[in-house]
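A.B. asks: missing the sequence, but the structure's below:
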């Protein structure tokens with residue numbers, strides 16, 4: 001039986017991102033994968049509809065948070081989204097509706113991989129920078145899967161970028177098997 005993957009995309013400038021446009025285009029055409037661009041959702045003021053989003057999360061076996069890395073964080077819309085939907089009566093405190101599901105981050109960086117290490121310019125690995133998402137998975141009893149990353153996406157040659165995009169999309173597709 002095929003498994004469902006929900007990709008939560010947070011990118012306020014998606015129309016200018018060749019990388020994320022290509023990723024989401026490929027993923028949207030993959031059976032078992034639903035892509036939800038949260039920056040295009042209607043909101044009640046600044047808030048997302050928790051009940052609607054929670055239903056989608058419940059239907060998924062894996063949830064992927066896709067975003068470009070901005071100053072060691074996701075775009076603000078993803079933080080707001082998670083604040084709105086990961087409610088105590090649903091995600092934790094005796095509810096744990098996400099228990100056993102996979103959580104994974106798919107991100108792009110402006111810098112090369114070597115910069116993301118203890119000895120690199122940033123002083124931390126990408127995995128260390130993404131620790132808050134590991135904590136979310138742990139707190140909600142989800143399984144955190146190793147992050148998927150395309151480093152220095154804007155500086156790759158088109159053919160190199162296509163290889164990277166194919167690899168991350170294949171990894172996501174494998175979650176549907």
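C.D. replies: Alright, I've got the coordinates. Here the structure is a predicted model, which means the values were calculated and not measured. Numbers count the residues shown, from 1 in each chain.

A.B. asks: Going by C-alpha atoms from here, please, whenever you check contacts or count neighbours.
C.D. replies: Noted.

A.B. asks: At the geometric centre of this protein, which residue do we find?
C.D. replies: residue 65 (1.4 Å; CA atoms, centre = their mean).

A.B. asks: Contact partners for that residue?
C.D. replies: 7, 8, 9, 10, 103, 104, 105, 106 (CA atoms under 8 Å, 6 or more residues apart in numbering).

A.B. asks: For the third one, list each beta-bridge partner.
C.D. replies: Which is residue 9. residue 37, residue 66 (DSSP bridges).

A.B. asks: wait, doesn't it sit right on residue 36?
C.D. replies: Yes. If you go by CA atoms under 8 Å, residue 9 and residue 36 touch, sitting 5.9 Å apart.

A.B. asks: Compare those two and say which is more crowded by neighbours.
C.D. replies: residue 9 (25 against 19; other CA atoms under 10 Å).

A.B. asks: Which per-residue confidence value corresponds to that one?
C.D. replies: Listed pLDDT for residue 9 reads 98.

A.B. asks: I'd like the contacts of residue 65 laid out as CSV, including distance to residue 151.
C.D. replies: Formatted as CSV, the contacts of residue 65 follow (distance: CA to CA, whole Å):
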residue, distance to residue 151
7, 20
8, 20
9, 18
10, 18
103, 20
104, 17
105, 14
106, 11
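
A.B. asks: Pull the most distant pair out of those.
C.D. replies: 10 and 103 (15.2 Å; CA to CA).

A.B. asks: same for the longest helix along the chain, what does it pack against?
C.D. replies: Looking across the chain with DSSP state H, the single longest helix is helix 158-174. Counting contacts by 3 or more CA pairs under 8 Å, 6 or more residues apart in numbering; DSSP states H and E, helix 158-174 packs against helix 18-28, strand 148-150.

A.B. asks: what does that helix contact?
C.D. replies: Outside of helix 158-174, the residues within contact range by CA under 8 Å, 6+ apart are 5, 19, 22-23, 26-27, 30, 33, 106, 148-150, 153.

A.B. asks: Now do the buried residues in that helix.
C.D. replies: Across helix 158-174, burial judged by 16 or more other CA atoms under 10 Å covers 161, 164, 165, 166, 168, 169, 172, 173.

A.B. asks: Okay, the third one and residue 177: tell me how far apart.
C.D. replies: Spelled out, that is residue 165. 19 Å (CA to CA, to the nearest Å).

A.B. asks: Looking at this protein, which residue reaches furthest from the middle?
C.D. replies: Largest separation from the mean C-alpha position in the chain: residue 119, at 26.3 Å (CA atoms, centre = their mean).
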